[in-house]
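Enquirer: Kindly return the folded structure for what I paste below:
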Amino acid sequence: AIINKIRGNTEVPEGVPAGLTLEVDVTILPDGGVLEPVRIVKSSGDPRYDQAVLRGILRSQPLPLPSDVALRQLFRVTHLQLHHEK
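Expert: Coordinates of the predicted model:
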């Protein structure tokens with residue numbers, strides 16, 4: 001659900017090639033907000049894509065959280081891989 005929401009809020013610039021992957025660590029607050037800065041673990045190699053995804057993450061607040069309180073603790077720092085496909 002988190003990845004789908006971020007994808008829906010990410011505007012990838014024209015000319016960014018398909019097949020890129022960006023890895024980030026996101027600290028999610030109890031209300032679904034995002035603690036900035038989002039940490040890039042592994043760049044996609046294209047700064048245009050990286051920045052588009054970072055903006056998409058911030059636009060996606062509040063992020064969806066599991067209803068189970070115990071599971072929410074596991075989502076505090078979340079490692080995400082976002083793939084760009086045309």
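Enquirer: any idea how far D25 is from P17?
Expert: Plainly put, D25 is 24 Å away from P17 if you go by Cβ to Cβ, to the nearest Å. Backbone N, C-alpha and C define where each C-beta goes, glycine included.
Enquirer: What is the neighbour count of L22?
Expert: The tally of other residues near L22 (other Cβ atoms under 10 Å) stands at 23.
Enquirer: For this protein, which segments count as helices?
Expert: Using DSSP state H, the helices of the chain run over residues 2-8, 47-59, 69-74.
Enquirer: Most tightly packed of those helices?
Expert: helix 47-59 (a mean of 17; mean count of other Cβ atoms under 10 Å).
Enquirer: Over to the nearest residue to P17 once chain neighbours are set aside: give its phi and psi.
Expert: Excluding the flanking residues, the one nearest P17 by Cβ to Cβ, 6 or more residues apart in numbering is D46, at 7.2 Å. The phi/psi pair for D46 (degrees, to the nearest 10) reads phi -120, psi 110.
Enquirer: if we can go back for a sec, mind putting the helices of the chain into TSV with distance to P37 and mean pLDDT?
Expert: Shown next, in TSV, are the helices of the chain (distance: least, Cβ to Cβ, whole Å; pLDDT from 0 to 100):
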stretch	distance to P37	mean pLDDT
helix 2-8	16	95
helix 47-59	8	98
helix 69-74	22	70
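Enquirer: And these: which comes nearest H83?
Expert: helix 2-8 (9.0 Å; Cβ to Cβ).
Enquirer: got a list of contacts for the closest one?
Expert: Residues from elsewhere that reach helix 2-8, judged by Cβ atoms under 8 Å, 6 or more residues apart in numbering: V53, G56, I57, S60, L63, P64, T78, L80, L82.
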